[in-house]
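Student: missing the sequence, but the structure's below:
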């Protein structure tokens with residue numbers, strides 16, 4: 001295809017609250033890179049933080065930069081050295097870009113590398129008509145996968161990685177903060193993986209209703225006595241596995257208290273600051289296993305996602321609550337910032 005010289009892009013133009021729609025040059029793929037024509041991109045909580053310009057954003061973001069690290073598109077140009085991808089191929093991208101010559105890269109744990117950039121944060125992202133992606137970060141999608149679903153694979157990978165960090169087959173699972181997008185995605189993943197029961201906590205009644213619709217056996221208001229409710233459902237034993245998605249100190253404490261002795265806790269949620277935890281009672285004396293979760297395994301998690309989506313074992317479409325044109329980014333972000341939306345997708 002003949003590429004235009006310029007394109008529309010939603011960018012952080014300067015420090016401070018808000019974003020702007022700008023016309024910028026279409027990027028050109030360099031050596032080892034490909035250019036995608038974006039077909040769908042979804043708004044992440046990180047994008048909202050950047051919009052709001054909180055303390056994290058102010059310390060990390062260097063405007064101007066185009067946002068967007070959850071995306072799908074089709075390959076329209078190849079940079080030098082790339083000869084194994086067909087033009088027109090549907091694709092997404094792993095947002096974590098391990099830099100050349102990165103230190104301390106452990107095979108199988110590339111997603112934890114110290115020297116890394118993130119698309120849509122450290123380099124221009126996909127809230128635009130085109131985006132450049134390193135070939136090593138390119139994931140080829142099945143043509144039957146709708147772009148609005150394909151663009152959800154980045155957050156879906158967090159859910160899949162968290163669930164499969166331990167064996168959940170035949171075990172009871174509690175997802176704290178399970179009304180959030182990744183928690184909701186984790187429910188059907190845990191069910192497909194053979195969980196005996198999946199319970200969820202959240203403070204939003206509408207999100208708890210969605211959790212039940214996604215397959216949760218029980219959905220509890222986190223402001224209630226969650227531990228008593230879990231003990232009632234498990235004959236006093238507690239759950240075998242806790243998946244912590246909230247970053248809330250209260251939710252982490254509830255999950256740790258609801259965990260049975262010898263149980264396992266996978267922690268994905270990021271607290272806004274240091275928290276207190278009864279380490280002796282909740283971890284040491286329980287013989288509990290606690291593991292931190294970050295990102296997705298490249299490419300192990302993506303292969304799991306492919307099978308779950310292609311077989312129809314997991315359907316993410318009910319989690320898309322809003323669709324907006326790229327030019328309508330402002331109402332799209334308004335919907336996210338209001339806190340009542342599920343996944344908001346931008347369609348260039």
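Tutor: Received it, and whenever you're ready, just let me know what you need. None of these values were measured; they are calculated from a predicted model.

Student: so what touches the helix or strand where residue 59 lies?
Tutor: Element membership for residue 59, per DSSP states H and E: helix 55-60. Contacts of helix 55-60 from elsewhere in the structure, counted by CB atoms under 8 Å, 6 or more residues apart in numbering, are 15, 49-50, 121. (C-beta placed from N, C-alpha, C; glycine too.)

Student: so where's the stretch 1-150 of the chain uncertain?
Tutor: Judged against pLDDT under 70, the low-scoring parts of the stretch 1-150 of the chain cover residues 102.

Student: ok, now with 80
Tutor: Under the criterion pLDDT under 80, the flagged ranges of the stretch 1-150 of the chain are 1, 100-115.

Student: that one: helices as residue ranges?
Tutor: For the stretch 1-150 of the chain, helices defined by DSSP state H, counting those that start in this stretch occupy the ranges 45-52, 55-60, 147-150.

Student: same question for the stretch 151-300 of the chain.
Tutor: Secondary structure of the stretch 151-300 of the chain (DSSP H, counting those that start in this stretch): helices located at 153-163, 181-192, 205-213, 226-233, 249-258, 279, 300-310.

Student: reformat these as CSV; add mean neighbour count, distance to residue 137 and mean pLDDT.
Tutor: Shown next, in CSV, are the helices of the stretch 151-300 of the chain (neighbours: other CB atoms under 10 Å; distance: least, CB to CB, whole Å; pLDDT from 0 to 100):
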stretch, mean neighbour count, distance to residue 137, mean pLDDT
helix 153-163, 26, 11, 98
helix 181-192, 25, 21, 98
helix 205-213, 17, 31, 97
helix 226-233, 18, 39, 98
helix 249-258, 22, 32, 97
helix 279, 11, 38, 96
helix 300-310, 18, 11, 97
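
Student: right, and those - which one's nearest residue 172?
Tutor: Nearest to residue 172 among those is helix 226-233; the distance by CB to CB comes to 7.8 Å.

Student: quick one: distance of the closest one to the chain centre.
Tutor: For helix 226-233, the separation from the chain centroid amounts to 29 Å (computed by CA atoms, centre = their mean, to the nearest Å).

Student: could you check the angle helix 249-258 makes with it?
Tutor: Here the directions of helix 226-233 and helix 249-258 differ by 30 degrees (axes from the mean of the first three to the mean of the last three CA atoms, to 10 degrees).

Student: list the helices and strands helix 226-233 packs on?
Tutor: Based on contacts counted as 3 or more CB pairs under 8 Å, 6 or more residues apart in numbering; DSSP states H and E, the elements that helix 226-233 packs against are strand 197-202, strand 218-221, helix 249-258.

Student: what does that helix contact?
Tutor: Counting by CB under 8 Å, 6+ apart, the neighbours of helix 226-233 from elsewhere in the structure are 172, 174, 197, 199, 201, 217-218, 220, 237-239, 254, 257-258.

Student: buried subset of these as a PyMOL selection?
Tutor: Here the buried members of these are turned into a PyMOL selection, burial being counted by 16 or more other CB atoms under 10 Å:
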select buried, resi 172+174+197+199+201+217+218+220+238+239+254+257+258
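
Student: for the contacts of helix 226-233, name the two members farthest from one another.
Tutor: Across the contacts of helix 226-233, no pair lies farther apart than 217 and 257, at 19.5 Å, counting by CB to CB.

Student: skipping adjacent residues, who's closest to residue 252 in space?
Tutor: In this structure, residue 252 finds its nearest non-sequential neighbour in residue 244, 5.8 Å apart by CB to CB, 6 or more residues apart in numbering.

Student: could you do residue 294 as well?
Tutor: Distance criterion CB to CB, 6+ apart; nearest residue to residue 294, sequence neighbours excluded, is residue 112 at 6.2 Å.

Student: for that neighbour, give its distance to residue 148.
Tutor: If you measure residue 112 against residue 148 using CB to CB, to the nearest Å, the figure is 29 Å.

Student: those two: who's more crowded?
Tutor: Taking neighbours as other CB atoms under 10 Å, residue 112 and residue 148 compare with residue 148 leading, 20 against 16.
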